[in-house]
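1. Below is the sequence, then the predicted model.
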Amino acid sequence: MTQPTSHRSTASASERVVGTVADAEDAEPTELSPLYEAIDPDALDSLVEGSDDDLCIDFECCGYDITVKGKETVELTSSSD
């Protein structure tokens, strides 16, 4: 399963990741494991904000392989796929 982000682009990259995972899990963001257990949210936000559209960051969180592409896209793939 791949699920592209549907969260507004004015949110930070870390907020978009959390929101996208919460949507996939049909849960509130506060019900998820903290993002910082998988990746430093401040570092993620800094990398994305200072990047161009060629940026691609991959990491695992909450049972998903997560890919952040450029400043707008967050994709989830179930780690079991």
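-> Nice, thanks for sending it over.

2. Next, the buried residues of the longest helix seen in the chain.
-> Looking across the chain with DSSP state H, the single longest helix is helix 13-25. Using 16 or more other CB atoms under 10 Å as the test for burial, helix 13-25 gives A13, S14, E15, R16, V17, V18, G19, T20, V21, A22. Using the backbone N, CA and C atoms, a C-beta is placed for each residue, glycine as well.

3. go on, stretch 25-37?
-> L32, L35.

4. Output the contacting helices and strands for the helix or strand just after the longest helix of the chain.
-> Next in sequence after helix 13-25, counting helices and strands by DSSP states H and E, comes helix 41-49. Counting contacts by 3 or more CB pairs under 8 Å, 6 or more residues apart in numbering; DSSP states H and E, helix 41-49 is packed against helix 13-25, strand 56-61.

5. Relative to L44, which of these is closest?
-> With CB to CB, the closest approach to L44 among those belongs to helix 13-25: 5.2 Å.

6. residue ranges with poor pLDDT in this protein?
-> Counting by pLDDT under 70, the chain shows low-confidence ranges at 1-9, 81.

7. got the phi/psi numbers for the closest residue to C56 other than its chain neighbours?
-> Closest residue to C56 apart from its sequence neighbours, by CB to CB, 6 or more residues apart in numbering: K69 at 5.4 Å. With angles defined as degrees, to the nearest 10, K69 sits at phi -120, psi 120.
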